[in-house]
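Colleague: My questions are about this predicted structure, shown below with the sequence.
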Amino acid sequence: MGKRQWIYPLAALAAMAFSAPAAIAQSVSADVVKIGVLTDLSGVYSDISGPGSVLAAQLAVQNFSADGTVLGKRIEVVSADHQNKPDVASNKAREWYDRDQVDVIVDLVNSTAALAVMDIAEQKKRLTLVSGAAAMPITNERCTAYNVHWVYDLHPLTNSLPTEVVKQGQKRWFFVVADYAPGHYVENQAAQSVQAAGGEVIGAVRHPLGATDMSSFLLRAQSSKADVIALASTGQDAINAINQAVEFGISDKQTIVPLLMVINDVHQLGLQQMQGARLIEAFYWDRNEQTRAFAKQFFEKRKHMPNMVHAGVYSSVLNYLKAVQQAGTDDADAVMQTLKSMEIDDGLFQGRIRSDGRFMHDMLMVEVKTPAESSGPWDYYKIQQVISAEAAAQPLSQSKCKLVL
């Protein structure tokens, strides 16, 4: 990886949790702290979450405790594929909480799946720590006292990025939208940002989630003569759209703006196609010594770099275990109270958890390097701007969360 030295081991990153005083009554249900990674192991989001999220959870346990215990009890990580179906996700959550004594469910890529599981967790008084989903209702009208939205939501993706592109002079926008709730939200909010910045939305088209043939949607976008074709989709949907746009020569005449992409997508598409693109990220593996240390561990197992979802799963599990240790129990109410009282600084993310469950931390606006600027695989980003936690989040005054007083 160029001339950089890897930093290892991860002692500084993990900041190993301290031992609870003997005076604290220690209570662990079923004599095991069980963490469930509920994710997409086989579908359109499996590359940006999936097996990488399972590994991230395992690394967090490893770096928290050399013997894999907390409060003298074994820590166990289990995983399952929700298939991007809310009914499958909620059924697995019930099974885990009721039969298997899972204490916390993490990742939850796919917003409809995440919201379904959050409802079950609230009923069962168990925790959810969402890293892979971005829908705004997670910390608004569907918020719960048992959830933390750990990595990112759609607010900075639909505000900061469109505003910056319009400022660069690309004012006429056409949206290609994944036809489900998060896609609709991205379209609506980004359109408002475009218009507020002085731009114009001249059309939109919606496609099914998991569409492989994007040609008809892209041709409609091409015929609009828009300056910008904005992709309100992510994962394989966005990758398919960009690949086919290049095949049709669309990207030579119109700018493709993906509103949600992660570094895995850039790697798959290549710098030749992605150079110059502006993206919003919560994490970049090559930002500092601590991010590189985590990335080394991850890369040794997965042979690719972690993205912000993987980093979020690692961070959420590590801090959950710290909270269990500090609270002296895995009781969900006690652990959540402890989490919300903590100043989080694990080397990957720094901040505090707000009353609505939003983990407040900085975000990054990055520009994809040209092939000439890159020193090799995964050296892809130039950090253009650090977006403060306050600017990256919906103001609490606009919240619809029942927990906000």
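Modeller: Structure's in. What do you need? Numbering: from 1, shown residues only.
Colleague: quick one: what helix or strand has residue 156 in it?
Modeller: Counting by DSSP states H and E, the element that carries residue 156 is helix 154-167.
Colleague: what's the angle between the helix or strand just after that helix and helix 154-167?
Modeller: Counting by DSSP H and E, the element after helix 154-167 in chain order, helix or strand, is strand 172-178. Orientation of strand 172-178 against helix 154-167 (axes from the mean of the first three to the mean of the last three C-alpha atoms, to 10 degrees) gives an angle of 150 degrees.
Colleague: Show me what the helix or strand following strand 172-178 is in contact with.
Modeller: Moving toward the C-terminus from strand 172-178, the next helix or strand (DSSP H and E) is helix 181-196. Helix 181-196 is contacted from outside by 111-112, 133-136, 154-155, 157-159, 161-163, 166, 171, 173, 175, 177, 200-201, 204, 206, 209, 230, 232-233, 259-260, using C-beta atoms under 8 Å, 6 or more residues apart in numbering. Any C-beta I mention is one placed from the backbone N, CA and C, and that applies to glycine too.
Colleague: Let's see that with 7 Å instead.
Modeller: 111-112, 134-136, 154, 157-159, 162-163, 166, 173, 175, 177, 201, 204, 230, 232-233, 259 (C-beta atoms under 7 Å, 6 or more residues apart in numbering).
Colleague: And stretch 263-272, by the same measure?
Modeller: Residues contacting stretch 263-272 (C-beta under 7 Å, 6+ apart): 47-48, 238-239, 242-243, 274, 304-305, 307, 368-371, 374, 378, 380.
Colleague: Give me the buried subset of those.
Modeller: Buried subset of the contacts of stretch 263-272 (neighbour count, 16 or more other C-beta atoms under 10 Å): 47-48, 238-239, 242, 274, 304-305, 307, 368-369, 374, 378, 380.
Colleague: Low-confidence stretches in the chain?
Modeller: Scanning the chain with the threshold set as pLDDT under 70 gives 1-26.
Colleague: Go again with 50.
Modeller: 1-25 (pLDDT under 50).
Colleague: on that earlier part again, format the buried ones among the contacts of stretch 263-272 as JSON lines; extra columns: distance to residue 337 and secondary structure.
Modeller: What follows is the buried ones among the contacts of stretch 263-272, written out as JSON lines (distance: C-beta to C-beta, whole Å; DSSP: H, G, I helix; E, B strand; the rest coil):
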{"residue": "47", "distance to residue 337": "36", "secondary structure": "coil"}
{"residue": "48", "distance to residue 337": "31", "secondary structure": "coil"}
{"residue": "238", "distance to residue 337": "38", "secondary structure": "helix"}
{"residue": "239", "distance to residue 337": "41", "secondary structure": "helix"}
{"residue": "242", "distance to residue 337": "44", "secondary structure": "helix"}
{"residue": "274", "distance to residue 337": "43", "secondary structure": "helix"}
{"residue": "304", "distance to residue 337": "37", "secondary structure": "coil"}
{"residue": "305", "distance to residue 337": "35", "secondary structure": "coil"}
{"residue": "307", "distance to residue 337": "30", "secondary structure": "coil"}
{"residue": "368", "distance to residue 337": "41", "secondary structure": "strand"}
{"residue": "369", "distance to residue 337": "43", "secondary structure": "coil"}
{"residue": "374", "distance to residue 337": "45", "secondary structure": "coil"}
{"residue": "378", "distance to residue 337": "39", "secondary structure": "coil"}
{"residue": "380", "distance to residue 337": "40", "secondary structure": "coil"}
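Colleague: residue ranges of the helices in this structure, please?
Modeller: 11-14, 50-64, 86-98, 111-124, 154-167, 181-196, 215-223, 235-247, 263-269, 271-274, 289-302, 308-327, 332-341, 389-392 (DSSP state H).
Colleague: Need the residues that contact the fourth one.
Modeller: The reference is to helix 111-124. With C-beta under 7 Å, 6+ apart, helix 111-124 has contacts from 38, 82, 84-86, 89-90, 93-94, 97, 105, 108, 127-128, 130, 133-135, 137-138, 142, 144, 146-147, 180-182.
Colleague: let's see 6 Å
Modeller: Applying C-beta atoms under 6 Å, 6 or more residues apart in numbering, the contact partners of helix 111-124 are 82, 86, 89-90, 93-94, 97, 105, 108, 128, 130, 133, 135, 142, 144, 146-147, 182.
Colleague: now the last one
Modeller: Residues lying outside helix 389-392 but in contact with it, judged by C-beta under 6 Å, 6+ apart, are 156, 351, 360-363.
Colleague: Let's see that with 7 Å instead.
Modeller: Residues contacting helix 389-392 (C-beta under 7 Å, 6+ apart): 155-156, 351, 360-363.
Colleague: of all those, which two lie farthest apart?
Modeller: Maximum pairwise distance among those (C-beta to C-beta): 14.9 Å, between 155 and 351.
Colleague: quick one: which of the two has more around it?
Modeller: For the pair residue 155 and residue 351, the greater number of neighbours falls to residue 155 (21 against 15), based on other C-beta atoms under 10 Å.
Colleague: Setting the sequence-adjacent residues aside, check what's closest to that one.
Modeller: With sequence-adjacent residues excluded and distances taken as C-beta to C-beta, 6 or more residues apart in numbering, residue 155 is closest to residue 394, at 4.8 Å.
Colleague: Count the neighbours of that neighbour for me.
Modeller: Neighbour count for residue 394, taken as other C-beta under 10 Å: 18.
Colleague: now it: how far from residue 163?
Modeller: 15 Å (C-beta to C-beta, to the nearest Å).
Colleague: hang on, the earlier thing: just the buried ones from the contacts of helix 111-124?
Modeller: Neighbour counting by 16+ other C-beta under 10 Å classes 82, 86, 89-90, 93, 97, 105, 108, 128, 130, 133, 135, 142, 144, 146-147, 182 among the contacts of helix 111-124 as buried.
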